[in-house]
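Chemist: sequence first, predicted coordinates after that:
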Amino acid sequence: MATLTEDFLREFEEVVDSLPRPLLDRLLRLKRYRGHRGDDRLSHCIKTAYLAWKWAPKLRIPRRPALLAGLLHDIGYGIPGCPLCRLDPGGHCGICHWRTGAKLLAEQGVRRDVVKAVKRHMFPYSPPPRTRLDLLVWLADKIESTLSFLGKRVLDNTTLRRCRELIDVKSAGEPPVQSSSETARTRSE
């Protein structure tokens, strides 16, 4: 009989395998953004995905969309989307990532319920959660952030490392997708 962690890793790998290349690239960029207590934003997203996946049956929600929404909930980090972004030295304020993330996911054809959960995970800055999936992702995000801030472990280091490796390996299978501005810069050099 598989353990809860083994079940999560198996489903996590299937979800990562199904992601389009631009979303994998965007997930990898989350390593650049600080999370809580020394974590980066990618680790926070993996731990949020784990909590959402773990709690989904309690709310009678299928685990796969819960895991996907938890993993992608901060995907909009680093995409400037509001006037406050111009004031931040890194070019992103962190407040509007729900909007930029939902837009990116919709453009990539991600399931509508997942897009809406991402769009509603930053209440009161974003629209409020309206569905059980919205509420689950909102809660998993807030609880993971709080536990991390308090120094409590949500996911063991081995499982977290394995999840990060799965994303790295999947994205290493193909050359990175360049934005049009990166392509233009490469050609001019």
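Modeler: Arrived safely.

Chemist: next one: the residue nearest the centre of the chain from residue 150, what distance?
Modeler: Note on the chain: the residue nearest the mean C-alpha position is residue 72, at 2.8 Å, using Cα atoms, centre = their mean. The spacing between residue 72 and residue 150, counted by Cβ to Cβ, to the nearest Å, is 25 Å. Heads up, the C-betas are built off the backbone N, CA and C, glycines and all.

Chemist: please give me every residue in contact with the residue nearest to the centre of the chain.
Modeler: Contact partners of residue 72, counting by Cβ atoms under 8 Å, 6 or more residues apart in numbering, are 23, 27, 45, 101, 105, 110, 114, 118.

Chemist: need the residues that contact the helix or strand where residue 170 lies.
Modeler: Per DSSP states H and E: residue 170 is located in helix 157-172. Defining contact as Cβ under 8 Å, 6+ apart, one finds that helix 157-172 is touched by 5, 8-9, 12-13, 16-17, 19, 21, 24-25, 27-28, 42-43, 46-47, 50.

Chemist: which helix of this structure spans the most residues?
Modeler: As assigned by DSSP state H, the longest helix anywhere in the chain is helix 132-149.

Chemist: now it: buried residues?
Modeler: Buried residues in helix 132-149, counted by 16 or more other Cβ atoms under 10 Å: 132-141, 143-145, 147-148.

Chemist: number of nearby residues for the nearest residue to residue 67 once chain neighbours are set aside?
Modeler: The shortest distance from residue 67 to any residue other than its chain neighbours is 4.1 Å, reached at residue 53 (Cβ to Cβ, 6 or more residues apart in numbering). Using other Cβ atoms under 10 Å, residue 53 has 27 neighbouring residues.

Chemist: elements contacting the helix or strand that residue 53 is a member of?
Modeler: With elements delineated by DSSP H and E, residue 53 resides in helix 41-55, which encompasses its position. Packing partners of helix 41-55 (3 or more Cβ pairs under 8 Å, 6 or more residues apart in numbering; DSSP states H and E): helix 4-18, helix 21-29, helix 63-72, helix 132-149, helix 157-172.
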